[in-house]
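Visitor: sequence-free structure coming up:
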């Protein structure tokens, strides 16, 4: 586990909301929240968007919110509508709540919470629109336990999207990042139509089309500690078709 960067004031006091979509993450969520609240970021809050998890993740989230009422908010969604819809809902609520910066991360402990202060410092020092925790820039790492087929799928997906969209981001499918609130408002979440993991690609594509600076910093990506991957055949099909839809849907979008 890395040591979190100690940011100077007033950077450390920034209003950062971490949006965490959940579906069947009851075993991982308490560990993630404990690590997030231990970071040297006193105004960090966590917004959990749960898609009515049958394993009781929503109830676990409610208990955590009772224990930390000033720092944890829970959104109970009616059912599993996809990662993209959960993020649009959660990020919209974070912006409405006054967040200056919004982070995205998975609940399965694959993304290191301790990297967030350094990512926030990179965002503030460069005035980038978004900072991505990247597996595929120099210094980025993949857990040795990550299955070979997942490595191949991730590498192929990035190459495929690069070829079709010509976006200059090495980790196009990354789900760990921090956004400037103004960049998110400029993108306009009402434009985003992806339901599954292709949400990440669509957001990166929109940020690029609108001219926002995108910075990638290296992280170590860990294999999930508990539960199962949510990647389905339908999700893979949506992800394969999405680049074609994006080129058509946003062809006239420019700064």
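Guide: Arrived safely, thanks for sending. Note that this is a predicted model, so its numbers are computed, not measured.

Visitor: C-alpha only now, for contacts and for neighbours.
Guide: Fine.

Visitor: middle-most residue in the chain, spatially?
Guide: residue 104 (2.7 Å; C-alpha atoms, centre = their mean).

Visitor: so what's that one bridging to?
Guide: Using DSSP bridges, the beta-bridge partners of residue 104 come out as residue 19, residue 177.

Visitor: residue numbering should commence at 795 henceforth.
Guide: Okay, using 795 as the starting number, the last item reads as residue 898.

Visitor: go ahead and confirm it touches residue 814.
Guide: Yes: contact criterion C-alpha atoms under 8 Å: residue 898 and residue 814 qualify, at 6.4 Å.

Visitor: now do the end-to-end distance for stretch 816-831.
Guide: 18 Å (C-alpha to C-alpha, to the nearest Å).

Visitor: swap in stretch 934-952?
Guide: End-to-end span of stretch 934-952 (C-alpha to C-alpha): 15 Å.

Visitor: can you pull out the helices in the protein?
Guide: 823-831, 851-861, 877-890, 910-920, 942-959, 975-981, 992-1003, 1027-1043 (DSSP state H).

Visitor: can I get the ones you listed in TSV including mean neighbour count and distance to residue 930?
Guide: As requested, the helices of the chain are exported to TSV (neighbours: other C-alpha atoms under 10 Å; distance: least, C-alpha to C-alpha, whole Å):
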stretch	mean neighbour count	distance to residue 930
helix 823-831	17	23
helix 851-861	18	31
helix 877-890	21	22
helix 910-920	19	16
helix 942-959	14	9
helix 975-981	16	24
helix 992-1003	22	15
helix 1027-1043	15	19
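
Visitor: quick one: which of those is nearest residue 1014?
Guide: helix 910-920 (12.5 Å; C-alpha to C-alpha).

Visitor: and for the closest one, what's in contact with it?
Guide: Contacts with helix 910-920, where a contact means C-alpha atoms under 8 Å, 6 or more residues apart in numbering, come from 798-801, 805-806, 833-835, 923-927, 971-972, 974, 1009, 1011.

Visitor: leaving out sequence neighbours, find the closest residue to residue 883.
Guide: Here the nearest residue to residue 883 in space, its sequence neighbours aside, is residue 843; by C-alpha to C-alpha, 6 or more residues apart in numbering that works out to 7.8 Å.

Visitor: roughly how far does residue 813 sit from residue 1009?
Guide: In terms of C-alpha to C-alpha, residue 813 sits 20 Å off from residue 1009.

Visitor: same check on residue 850?
Guide: Counting by C-alpha to C-alpha, the gap from residue 850 to residue 1009 is 36 Å.

Visitor: again, but for residue 868
Guide: For residue 868, the distance to residue 1009 - C-alpha to C-alpha - is 30 Å.

Visitor: still on that earlier bit, what's across from the residue nearest to residue 883 in the sheet?
Guide: residue 815, residue 869.

Visitor: in contact with it, which residues?
Guide: So residue 843 contacts 813, 814, 815, 816, 868, 869, 870, 871, 880, 881, 883, 884 (C-alpha under 8 Å, 6+ apart).

Visitor: find the nearest non-adjacent residue to residue 850, please.
Guide: Excluding the flanking residues, the one nearest residue 850 by C-alpha to C-alpha, 6+ apart is residue 820, at 6.3 Å.

Visitor: go on, residue 1036?
Guide: residue 992 (6.7 Å).
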